[in-house]
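Participant: Kindly return the folded structure for what I paste below:
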Amino acid sequence: MDATALIDEISRELQPVVDRLLGHPYVEALAAGQMPREQLRTIAGEQHAIIDSDLKSVAHLVGRFGGTADLSFFLDVLAGERAAWEGLKALAGALGMSEADLTAYEPLAGAHAYTCYMAWLALYGSAAEVAAAYLVNFPAWGKNCGRLSQILKERYGLTEADVVFFDGFAAPAPEFERSALAVIQRGLDAGVDPRLIRRSARLLQAYELLYWDTLLPRRQETGDRSQ
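Facilitator: Numbering: from 1, shown residues only. As a prediction, the model looks like this:
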């Protein structure tokens with residue numbers, strides 16, 4: 001099976017989810033200036049928990065696939081996660097959150113489902129499953145990050161330096177798609193079941209939607225102590 005054709009099929013199947021992500025009411029409320037500035041602290045707190053976990057997950061993937069042709073792909077992903085970690089400090093600082101505030105933040109269950117599944121993939125998934133999940137998920141996430149960057153500058157008074165976290169995701173590395181497809185093709189050629197590749201992409205995209213759904217104030221749990 002051809003990796004490009006498979007990803008095209010998966011992307012078409014998941015387009016309704018992408019449409020919901022790109023028109024999500026949380027992002028639309030921010031764009032309209034309807035969210036209080038304090039709500040932005042929830043994004044910073046959740047992303048701190050997510051990136052902290054994802055750094056460990058990708059580092060584990062580097063270890064699992066070290067010495068294979070897939071290593072360079074995961075090293076690049078790890079570099080991106082590290083850059084996001086550094087960018088998050090600027091965002092948190094602009095919102096008045098200290099390192100202690102970020103550490104004390106208690107993640108919301110729904111918003112943290114994405115990173116929990118990412119940890120599962122890092123432990124048990126094939127390189128092809130992980131690469132496909134990233135490849136299908138990142139475009140929608142990147143577009144929303146690009147919107148957030150503009151919204152936070154125009155509506156909430158943040159600066160270019162404050163939103164570098166979002167800008168990094170909004171402009172993925174030019175070689176990312178080609179590298180991901182190469183990982184997926186090697187997996188297919190080695191016998192990875194396409195059904196599992198479809199599943200990983202579908203679930204990660206669903207957990208991405210759950211993340212945004214959970215950020216809506218009416219969905220937040222009483223255990224959120226970030227405010």
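Participant: where exactly do the helices run in the protein?
Facilitator: Listed in chain order, the helices of the chain (DSSP state H) span 3-13, 15-22, 25-31, 40-64, 71-94, 99-104, 109-124, 127-156, 164-170, 176-189, 194-215.
Participant: So for this structure, which residue is the most central one in space?
Facilitator: Trp141 (6.1 Å; C-alpha atoms, centre = their mean).
Participant: Relative to Leu21, how far out is that residue?
Facilitator: 8 Å (C-beta to C-beta, to the nearest Å). Any C-beta I mention is one placed from the backbone N, CA and C, and that applies to glycine too.
Participant: and Gln205, how many neighbours?
Facilitator: Gln205 has 24 neighbours, counted by other C-beta atoms under 10 Å.
Participant: who touches the residue nearest to the centre of the chain in this structure?
Facilitator: Counting by C-beta atoms under 8 Å, 6 or more residues apart in numbering, Trp141 touches 21, 169, 208.
Participant: Which of the residues you listed lies at the shortest distance from His48?
Facilitator: Of all the contacts of Trp141, Phe169 has the smallest distance to His48: 15.0 Å, by C-beta to C-beta.
Participant: among the contacts of Trp141, which ones are buried?
Facilitator: 21, 169, 208 (16 or more other C-beta atoms under 10 Å).
Participant: Looking at those, which one is closest to Gly110?
Facilitator: Distance ranking of these against Gly110, using C-beta to C-beta, places Glu208 first at 11.2 Å.
Participant: now this protein, which segments are flagged as low pLDDT?
Facilitator: For the chain, residues meeting the criterion pLDDT under 70 lie at 218-227.
Participant: ok, 90 please
Facilitator: 1, 38-39, 171-174, 217-227 (pLDDT under 90).
Participant: returning to what we had before: roughly how far apart are the residue nearest to the centre of the chain and Glu106?
Facilitator: For Trp141, the distance to Glu106 equals 23 Å [C-beta to C-beta].
Participant: cool, Leu215 as well?
Facilitator: From Leu215 to Glu106 the distance is 14 Å (C-beta to C-beta).
Participant: neighbour-wise, which of the two wins?
Facilitator: Higher neighbour count among Leu215 and Glu106: Leu215, with 23 against 13, using other C-beta under 10 Å.
Participant: Run the chain-centre distance for stretch 174-184.
Facilitator: Stretch 174-184 sits 17 Å away from the centroid of its parent chain (C-alpha atoms, centre = their mean, to the nearest Å).
Participant: Ok, stretch 94-108 next?
Facilitator: Relative to the centre of its chain, stretch 94-108 is centred 19 Å away, using C-alpha atoms, centre = their mean.
Participant: And stretch 158-170, by the same measure?
Facilitator: 15 Å.
Participant: Now do the buried residues in it.
Facilitator: Buried, per 16+ other C-beta under 10 Å, within stretch 158-170: 158, 162-170.
Participant: for stretch 77-84, same thing?
Facilitator: 77-78, 80-81, 84.
Participant: between those, which is closest to Ser98?
Facilitator: Nearest to Ser98 out of the buried residues of stretch 77-84 is Ala84 (C-beta to C-beta; 18.9 Å).
Participant: Hmm, that closest one is touching Asp167, no?
Facilitator: No: using C-beta atoms under 8 Å, Ala84 makes no contact with Asp167, being 10.4 Å away.
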